[in-house]
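1. Got a predicted structure plus its sequence, pasted below:
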Amino acid sequence: MRHRVRNALTTLAALVITGAGVSAYAITEYSAADADGTAAMPYAVEDFPHTLQVMSWNMCGPQRAAYHCEGTGTPQEKIDVITSQVTVSRVEAVLLQEVCEDDLTLLMTKLGPGWSKTFETYQWLNNDGTKNNSRCGEATGRADRLGTAIVAKGQMSDARPYPTTQPTAGQQTPFHCATASKWGVRLCTVHATRVGANPNDPKADSRGQQFAEIKAIVDTFPRVVFGGDFNARSPDDPKNTAAAVWPAGLYSTGPGTPGYQECDQKGTSRTGSPTHTTAATATSPAIEAKIDYIFSDQPRNWCTVTTTTRSDHRFLIESLTVAN
C-alpha cells in the first residue's frame, strides 16, 4: 500500500499503518495555515479504497451585514480553500454551511463532472406563517439562495431533508443527508439554530430538541458521518453553561462507549480546538470556541482543524476508514 507525503502541519500526528489499511488514531492540534487554508495533513491517504476524507466548513458566504462576513474574501477565494484541500488532503466529501447557491455552482464547475451535490435553503419564518427563502445579498444585492450543502466525489443517492424543531419565527435551518455511493456512507450536514434566532423570543433555545432529533435520525444509518456548525460549545468545555443540550449517546466519551466519536476528540474528553472566533467589539474581546464538529461511527485515522481568513470559522477534515 502507498501513501504520499504532503505539506507538514505545525503539529504532526502519528499514523499507524497496518496490513488491513490505515488504523491510525492521529489527532492534530489547532494548525496554523496561510490565508487560503492550504496547510493539510501530511499523509493524505489516497490509495486505500475504503478511506474517506470529509471536510466540514461554515463558509461565511452571505454578503449581508447581519452575518458579519465582511473581509473574509471573495466567492472565488472561498472556493479555492475547498479545492486546495481536495488536492492536498484528498478530501472526497464536503459538508458546507452558509454557502451561497451560485458559489456552490462555481465550486461544482471547478471540481468537474465526477462530483455531485445536494443543497437545502435557509428560510425566514414570518409572523403570519409565511416563509421566504434566505438570500445571499441584501434586498438590492445578490438574490441567490443561502443554505447548506453536501458535496461528494462520485454519485449520491436518497438526498433529502429531515424535519427538526425550528424557532416559531425567524431563521429556519435545514438538516439533510445523502448517501455517498462509492463508500455506502450516509453524509449529513448540520447547522443548528443559535440562541437568539427567534426575534420574538431571543432567549429560546431549540438546540437540545434538534440534537436529540438528529441523534434519532443518524442512529438509523448503518454507516454515517454528520457534521457542521452546531452553535454549541462542546459538553466538557468548562465555559459551556448549556451542556444539557447534548443528549446522552450522541457525543462519545471514548472508544467503546455509546455515541459517535468526534473528529478532534482526544481520549475521553469531549472537547477540542476552537473552531469559531467572534469579532472583538469596543466593549468585549474576541471569543474563541469549538462549535463545529464532525461525528462518525467509522474508525478515525486523523483529524485537522485549520484556520483561514476566508471565514470566521476554521475548517475540519477527518480521515475515516469505512467498513466493508
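-> Noted; the coordinates are in hand. Small disclaimer: the values here were computed from a predicted structure and weren't measured.
2. From now on I want contacts and neighbour counts done on CA atoms only, so please keep to that.
-> Fine.
3. I'd like the distance from R310 to C60, if you could.
-> Between R310 and C60 the computed distance is 8 Å (C-alpha to C-alpha, to the nearest Å).
4. likewise G154?
-> 26 Å.
5. more neighbours, those two?
-> More neighbours surround C60 than the other of G154 and C60, with 23 against 16 (other C-alpha atoms under 10 Å).
6. right, and that one touches F315 too?
-> No. With contact defined as C-alpha atoms under 8 Å, C60 does not reach F315; the gap is 11.4 Å.
7. in the sheet, who's paired with Y293?
-> Beta-bridge partners recorded for Y293 (DSSP bridges): G228.
8. Tell me where the stretch 101-250 of the chain has helices.
-> 101-111, 207-218 (DSSP state H, counting those that start in this stretch).
9. could those helices go into CSV alongside mean pLDDT, distance to A159 and mean neighbour count?
-> CSV is the format used below for these (pLDDT from 0 to 100; distance: least, C-alpha to C-alpha, whole Å; neighbours: other C-alpha atoms under 10 Å):
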stretch, mean pLDDT, distance to A159, mean neighbour count
helix 101-111, 98, 16, 17
helix 207-218, 98, 14, 19
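10. Can you check which of the ones you listed gets nearest to A323?
-> With C-alpha to C-alpha as the criterion, A323 lies closest to helix 207-218 of these, at 16.8 Å.
11. Show me where the protein dips below the pLDDT cut-off.
-> For the chain, applying pLDDT under 70 flags the ranges 1-49.
12. can we see that at 80?
-> Low-confidence segments of the chain (pLDDT under 80): 1-49, 139-140, 279-281, 324.
13. Give me the longest helix you can find in it.
-> Across the chain, the longest stretch assigned as helix under DSSP state H is helix 75-88.
14. That one to helix 101-111, inter-axis angle?
-> Inter-element angle recorded for helix 75-88 and helix 101-111: 40 degrees (by axes from the mean of the first three to the mean of the last three C-alpha atoms, to 10 degrees).
15. And helix 75-88, what's buried?
-> For helix 75-88, burial by neighbour count (16 or more other C-alpha atoms under 10 Å) applies to 75, 78-86, 88.
16. do stretch 147-156 as well
-> 147-154, 156.
17. These into a markdown table, with extra columns for distance to G259?
-> A markdown table is the format used below for these (distance: C-alpha to C-alpha, whole Å):
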| residue | distance to G259 |
| --- | --- |
| G147 | 27 |
| T148 | 24 |
| A149 | 24 |
| I150 | 23 |
| V151 | 25 |
| A152 | 25 |
| K153 | 27 |
| G154 | 29 |
| M156 | 25 |
